[in-house]
Every structure is written in C-alpha cells, then in structure tokens.
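Provided below for reference: sequence and predicted model.
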There are 2 protein chains.
Amino acid sequence: MNLKMMSLGKKPSVIREIFEYSNRRKAQIGAENVFDFSLGNPSIPAPKAVNDAIVSLVSEGNSVALHGYTSAAGDMAVRTKIAENIKSRFGADASAQNIYMTCGAAASLTVSLKAVCNEGDEVILLAPYFPEYDVFVENANAVSVAVCGVGNNFDLDLSALEKAISEKTAAIIINSPNNPTGNVISAEQIEALAALLKEKSKEYKKSIYIIADEPYRELTYGVEVPYIPNYYDNTIVCYSYSKSLSLPGERIGYIFVSPKCEGASDIFAAVCGAGRSLGFVCAPSLMQRVAMECDGMTADISEYDKNRRLLYDSLTEMGYTAVEPKGAFYLFVKSLEEDANAFCERAKKYELLLVPSDSFGAEGYVRISYCVAYDTIKRSLSAFKALYDEYEVK
Amino acid sequence: MNLKMMSLGKKPSVIREIFEYSNRRKAQIGAENVFDFSLGNPSIPAPKAVNDAIVSLVSEGNSVALHGYTSAAGDMAVRTKIAENIKSRFGADASAQNIYMTCGAAASLTVSLKAVCNEGDEVILLAPYFPEYDVFVENANAVSVAVCGVGNNFDLDLSALEKAISEKTAAIIINSPNNPTGNVISAEQIEALAALLKEKSKEYKKSIYIIADEPYRELTYGVEVPYIPNYYDNTIVCYSYSKSLSLPGERIGYIFVSPKCEGASDIFAAVCGAGRSLGFVCAPSLMQRVAMECDGMTADISEYDKNRRLLYDSLTEMGYTAVEPKGAFYLFVKSLEEDANAFCERAKKYELLLVPSDSFGAEGYVRISYCVAYDTIKRSLSAFKALYDEYEVK
C-alpha cells in the first residue's frame, strides 16, 4: 500500500473538517442556527437552460451516440463551439484543436501540470491559494513555491516573483477571480507579469507557462477579467463550468492550450497523454453537450452580488477589515487576533463557521464563503457583531 | 514540457488508428461496405430506465443538490444501495464505507493502482490484456510484468505465475470476462490463484492484492463469473457501468475495497488519497444517482449473444480457430499467418477491420469486437470466407 496516499486520504482538508463539524452542530441545535460559511458550493440553481438541455438531449437524441465514448479530447462539435466562443468573447485565436474537454477544474489542473512538468520542476503559486494546488503539483512530481501577494488586495508581488523564478520553474498558476480573496488581477499587473516571464524564459532558455485556473471567470461584479492568452503566449487556460453553471458535482470543464504557445501542438499532445495516463478516458459525454448548449451562460449571480454587498458593507461598518471582492463568492477578512485558527475557534461560540487562512498559504485571515442564502447572512450579522465586540472589550 | 506525456499523447493506440482508418475508408466507399470490428463501444442502447431516471431526476429533483458536489467517495445513499446489492447478489460482506464512486473503469484502475503501489513495485498482468493497463501501471510508478495464459482459452498459467511473483509484486489485475478473449476464469482457477497468492504473501511478508477489473461482469452467456472477494481477502473490485448500461461516455463506476482486506480502512483511505491526488473530486453526480437506480440492470445483451453465435459458428465452420467467448463482446481468432499484423493488413483488402493481438501482449491472434449490428456480421461473412480461402490456396 502507498502510505503517502493513505495519509492524504485520511487527512481531511480543513474545509472538509469544518463541514463535518457543521453537520454535527446542525443536528444538535438546528440547521438554521448554524452560520456555515465554509464551503464553496454554489447556492444558486443551474440556469434553466442546463436542465432543459439535459432533458431534450436524453429525450430526442440517439442514446448510443449520446452516452457513447467521445474522442479523448472531447466531441468535435463541442470543442468547435467552445473555440468559437473564445474567439468572439475574448478575441483570442482559438480552434477546436486547442480544446481538451475535462472532468472539471481539478482534472484540468492535474492534466495540465502533468503535461508541462518534469520531475523536480517548480510551480509558483500565488498565496493565498486554493490548498489542493499543493496536492496537484505533487502529483506531477513537481514542487510548489509559494509567493505571497502584497497590499490590501494581495496584488502580485513582482519583485518577490522575480526572485522566486528559477531555472526549475515550469509554470505559475494564476487564479483570478481568486479563491479565497475575491480579487481580480488587473491588466496592468498581467502585463508586468508577462514581461517578467518573457525575460526569465529568455534568461533560462525555456518556456515558462501560465496556467490560468478560471472557474470564477463569469462571477464578477462590475470588473473585467483580462484574458491571459491575450497578454502572454505560453498560456494554458483551465476552465470549469462548476461555478458559472452551478453544477460542480457534474465534473465538466476544459483545457485551452493557446495556439500562440511555443510548440502548441506538442503541448496539446502532452495534455492528451497526461489525461490518458491519469485515467480520464473522456469528459462525461452528456455534460459535454450541455456545456456546448450553455457555454457563456451563468446562473443568476445577482444573488451573490446582493450577498457580497450586505456582508462586505456590514462587516466593514462594524470595524472588520476585508478585501473588497471583485469576483468569485468569497470574502477574505482579517482575523481579529494574530492566530486565525484561534479566531475561528472563538467564532464557533457564535455558531459562525469560518475557514482560517493558514490552509491557503497566508496567515491572519479567514475566508467567508457567501454562496449561501441571503437570509443566513442577514441573521448572522449580530453574531459577527458580538464576536467583534468581544475583541473590543479585551 | 513532459516529453513522455507528449509521446503518449501522440502515439495513438492501435485500436484508435484502425478507427481513424475506418472513418476515412467509410467516406471513400460508403459506411455499409466497411466491416469495422475494432471498437469496444456498446452498440445496444442504454436500458430505458437509464434515460427515464435522468429525466425524472432532473425534472423532479432539487437542482442545487442534484448537480452539487457529493462527498469525495460519492453520495452516501448511492454507496449504500450498491453495497446492499453486492451483499445480495454475491453474498459478499460490503457496506457503504467500502464503496468509492469513480469516473469509470480507467479511473477505478488508476486510483486503485496508485493506492496500492509504491515506486518500483511490480503489477502482474495476464496476457492477453487491455493495452492501457501498461499506461495505468506506469502512472503509479510501477512496472508491468506480463504472464501469458495457456491452452485454447488462455487460462491462468499457475506455474508461470508462481515464477513471476516476487517480493516486488504489489498486485495482479484479473479481467474476467476478458477483453480481448471473452474467456471467464473458473472458480477452480480463482481458488488455485488465491492459494498461490496467500502462500506468496506469507513468503514475502506482504499483502499482494487482486485488482478485479470487471466492466464485463454482466455480459455473460450462460456462465457464472466467480466474485473474487469471496475467494481472496485482499481484493479490490474495479467496476464500471459503461458496458452493462451502455453509457461508456458518461464515466461512472466504483471501487469496492473488500472489508476482508488486511487494513481495509487504510486501503480505502489510500484510494481516497489517490483519487484526490489525480484530480477526481467526485464522480459525476447525476450519473451517481442513475447508477443507484439502475445498478444490476443491463442493456438487452441477447443481441450480443446472437452476434456471438453467428460469428463464432460461422467462422469456426469456415475453418478459423477461435476462443469460444463466455462473456464480453469480443471474439479472439487465430491469425492465419504467424504475423497478426500482416494478417490484419490482408483482411483490409476485404474491408475487414480487425485488431492484431500484439497490442494485447500476445502474438498470432486478432480481436473482433462483435458489438455491432447483426446485419454487419451477416454481410461480413463472405469477406471472412474469401480471406480464409486466400490462405487455403497459398
């Protein structure tokens, strides 16, 4: 048996642990009395078009073709439609040959990382970051190098990045809109990063890839999210429909290998090889067709925006400091004591379940997932106030 | 970039190459004139219950819950139902805690192999075998050791197995009913193998696992398929609904870690860890519920049986030698010349597309997938006759 896999399987993620605590607590005191802000599970139903597409595909389609294997990279009509949308939405060059359908964002990442990394390579992660990145980087036999963001919004720290990039750097993962901060990286910052990566690629005579992890692309509140292939050639976009279409359990997404990558067709082949090696035969065939029908649509994200406004405005008014989220559905709030874990424990007294930032590779913050009912946020505010007051008094 | 992944992605499987040739040839001379026996893609539609379940789940269910994340091992109700079916169908001890839902057979295998193997371990494969096994074993940083079957049916060669098992052996993959031979391993053979593995485990003071790859379990023609956990404790069953329910594109299956395994809960944890590491967040959620509704059902496999009888009887009557298939939908036929590749090339003259056995780790045979229309088989018989006659004349 593989002991490393065993301990990975036994070590629940911090988020999962809070989730389990939440279930126990809800059983004790009633679900409505627990304010569980731990999980990034979309609370808004999928757009009607998703379920309509499923029913019509199943009712009208040829069952053998619909549920049969697609080619490993995905159904050609699906890939063609997605490429056309990339062209028209972002003005980026794209064709079906650049699109590889996946079982969601995690699969997009494990496949992309295995395609670009060799043993001992380094992958730069911008802290705070989604904790599973470390697991995925290790699966590619590579090593994570964390670089923390700077300023109130955890913006790119270009001078720290310059120091972190080495001859071993294979890739840097960009996640904008960001989990856990909700920040969106500006076009200026992307331009500066692209310039740095070009310079470093030249210095080390190798391609350094940007892996753009974009499950939150459509979840934004009045800002533009720069499309990275338009700024940097060696870009691989990892997309998932989980959040935009509210179907995270269905495992559907894609990898877009920008045709501007050096040796794009070789990289695409490496993506196909990595997918084959990891056991992804093809992405779920029915959901591929649903993605084709619904690409570019979103669930009704105005509800997330309402939640965001209520939570951000109320908490900052109370005296909390938080990153003002421009996208995704997370609020990143400064802990009221140095140790975010201790702060989260204290919050539990008020039935507030928050995620300490340590697991995201940054200290002194908590993540609040506001993909919950508006009413839950409303009813939680007095608890947040009481928690704040407890620290005021001390 | 990872060159190994690139070359894996560029090297199409032999079967895929024939499939591409088939498409070109069909465009040239008309689809009805090409007898493509290359792909193991079910030709019978999914049972009506599958599509009914999809429509009713989508129409009546709570969309957020239906399409939301399940726990990593799968929805508890789904796992409970499957465990109950294992108990009642096979009399094996099983509970929900032993079931891990997967994205189909390939995922079941990559996850199981990564869970049980350490770097440099050996995995025994019984030739002829499904060629992707080599890719999956390599992904687990292990090494394949092929042991060819004996006799007309490629039965287990116990003395060769005894020699092949070493202190490095982590597992042996059993695939019964077999792709490509259609053979089913008898209870007596499983008993003898279990005895050998127990002896060797004792000798080397380690657990040697049987990984039972069983996507064809329900596709049988009048024979019983022994349920391996009833014969050998350290068994991990890899199941897929692809063939039984005719939905190979939907990627749904499960891993059953027999509770009789030594340290079963540790192995189950290793399975969870491996799934997490490879990027399988959870199996597709809608299809998990479909599996719950339809577990144990099959598509109308009497059609495969009709095909099997027609093909086997006709070919053996002409003079061909073949393994009489007891399950799956493949006929394994002796090549009429030593080099099966040359034989397949010659068959192309008659528009017969067969897969040479070399890619399955055995020489001198061809695989004929009879999951095609009955009429295709009927019309192909004169081509098989002409091919046979060509060798007779020489």
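The structure has been received and is ready for your questions. Note that the structure is a prediction, hence the values are computed from the model and not measured.

mind listing the helices for chain A?
Applying DSSP state H to chain A gives helices spanning A:3-10, A:14-29, A:48-60, A:63-66, A:76-90, A:104-116, A:132-139, A:158-164, A:187-204, A:264-278, A:285-294, A:302-318, A:340-348, A:374-393.

other SSEs contacting the last one?
This points to helix A:374-393. strand A:35-36, helix A:302-318, helix A:340-348, strand A:352-353 (3 or more CB pairs under 8 Å, 6 or more residues apart in numbering or on different chains; DSSP states H and E). Any C-beta I mention is one placed from the backbone N, CA and C, and that applies to glycine too.

CA-only coordinates of that helix in PDB, if you can.
Extracted in PDB, the C-alpha atoms of helix A:374-393 (Å, rounded to 0.1, in the frame of the first residue of the first chain):
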ATOM      1  CA  TYR A 374     -29.200  35.900   1.800                       C
ATOM      2  CA  ASP A 375     -31.200  35.300   5.000                       C
ATOM      3  CA  THR A 376     -28.400  33.300   6.500                       C
ATOM      4  CA  ILE A 377     -26.100  36.300   6.100                       C
ATOM      5  CA  LYS A 378     -28.700  38.700   7.500                       C
ATOM      6  CA  ARG A 379     -29.300  36.500  10.600                       C
ATOM      7  CA  SER A 380     -25.500  36.000  11.100                       C
ATOM      8  CA  LEU A 381     -24.700  39.700  11.400                       C
ATOM      9  CA  SER A 382     -25.500  40.000  15.100                       C
ATOM     10  CA  ALA A 383     -23.100  37.100  15.700                       C
ATOM     11  CA  PHE A 384     -20.400  38.900  13.700                       C
ATOM     12  CA  LYS A 385     -21.100  42.000  15.800                       C
ATOM     13  CA  ALA A 386     -20.900  40.100  19.100                       C
ATOM     14  CA  LEU A 387     -17.600  38.500  18.000                       C
ATOM     15  CA  TYR A 388     -16.200  41.900  17.200                       C
ATOM     16  CA  ASP A 389     -17.300  43.300  20.500                       C
ATOM     17  CA  GLU A 390     -15.600  40.500  22.400                       C
ATOM     18  CA  TYR A 391     -12.300  41.600  21.000                       C
ATOM     19  CA  GLU A 392     -13.100  45.300  21.500                       C
ATOM     20  CA  VAL A 393     -13.600  44.700  25.200                       C
END
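
near chain B, which residues of the stretch 151-300 of chain A?
The stretch 151-300 of chain A has residues A:207, A:246-251, A:263, A:266-274, A:276-287 near chain B, with proximity defined as CB under 8 Å from any CB of the partner chain.

which non-adjacent residue is nearest residue A:193?
Closest residue to residue A:193 apart from its sequence neighbours, by CB to CB, 6 or more residues apart in numbering or on different chains: residue A:156 at 5.9 Å.

you'd agree the one you found is up against residue A:184?
No. The criterion here is CB atoms under 8 Å, and residue A:156 misses it with residue A:184 at 11.9 Å.

before we move on, the earlier item: for residue B:302, see how far away the residue nearest to residue A:193 is.
Counting by CB to CB, to the nearest Å, the gap from residue A:156 to residue B:302 is 63 Å.

ok, residue A:338 next?
Residue A:338 is 70 Å from residue B:302, by CB to CB.

burial count for residue A:223?
12 (other CB atoms under 10 Å in any protein chain shown).

packing partners for the lowest-mean-pLDDT helix or strand in chain A?
In chain A, the helix or strand scored least confidently by mean pLDDT, DSSP states H and E is helix A:14-29, which has a mean of 89. Applying 3+ CB pairs under 8 Å, 6+ apart, we find helix A:14-29 packed against strand A:35-36, strand A:352-353, strand A:355-356.

read off the pLDDT value for the spatially most central residue of chain A.
By CA atoms, centre = their mean, the mean C-alpha position of chain A lies nearest to residue A:215, the distance being 5.0 Å. On the pLDDT scale, residue A:215 is placed at 96.

let me see the confidence value for the closest residue to it other than its chain neighbours.
Distances taken as CB to CB, 6+ apart put residue A:240 closest to residue A:215, at 4.2 Å, once the chain neighbours are dropped. pLDDT recorded at residue A:240 is 97.

who does residue A:240 form a beta bridge with?
Beta-bridge partners recorded for residue A:240 (DSSP bridges): residue A:253.

where does chain A dip in pLDDT?
A:394 (pLDDT under 70).

before we move on, the earlier item: residues contacting the residue nearest to the centre of chain A?
By CB atoms under 8 Å, 6 or more residues apart in numbering or on different chains, the contact set of residue A:215 is A:105, A:239-240, A:242-244, A:253.

give me the buried subset of these.
A:105, A:239-240, A:242-244, A:253 (16 or more other CB atoms under 10 Å in any protein chain shown).

how about CSV for those residues, with distance to residue B:74 added?
Formatted as CSV, the buried ones among the contacts of residue A:215 follow (distance: CB to CB, whole Å):
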residue, distance to residue B:74
A:105, 19
A:239, 25
A:240, 20
A:242, 17
A:243, 21
A:244, 24
A:253, 20
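
which of those residues sits closest to residue B:94?
Ranked by distance to residue B:94 (CB to CB), the buried ones among the contacts of residue A:215 are led by residue A:242 at 31.1 Å.

returning to that earlier point: the residue nearest to residue A:193: how many residues sit nearby?
23.

residues in contact with it?
Residue A:156 touches A:126, A:149-150, A:185, A:189, A:192-193, counting by CB under 8 Å, 6+ apart.

relative to chain B, how far out is residue A:53?
Noted for residue A:53: a distance of 10 Å to chain B, by CB to the nearest CB, to the nearest Å.

excluding chain neighbours, what is closest to the residue in the stretch 51-200 of chain A that chain B sits nearest to?
In the stretch 51-200 of chain A, no residue comes nearer to chain B than residue A:110, which is 3.2 Å away by CB to the nearest CB. Closest residue in space to residue A:110, ignoring its immediate chain neighbours: residue B:279 at 3.2 Å, by CB to CB, 6+ apart.

ok, the one you found touching residue A:136?
Yes. Applying CB under 8 Å as the test, residue B:279 and residue A:136 come out as touching, 6.4 Å apart.

what is in contact with those two at once?
A:106, A:109-110.

give me the buried subset of those residues.
Buried among those (16+ other CB under 10 Å): A:106, A:109-110.

make a markdown table out of these and add distance to residue A:33.
Output for those, formatted as a markdown table (distance: CB to CB, whole Å):
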| residue | distance to residue A:33 |
| --- | --- |
| A:106 | 33 |
| A:109 | 37 |
| A:110 | 39 |
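
and of the residues you listed, the nearest to residue B:233?
Checking these one by one against residue B:233 (CB to CB), the nearest turns out to be residue A:110, at 32.0 Å.
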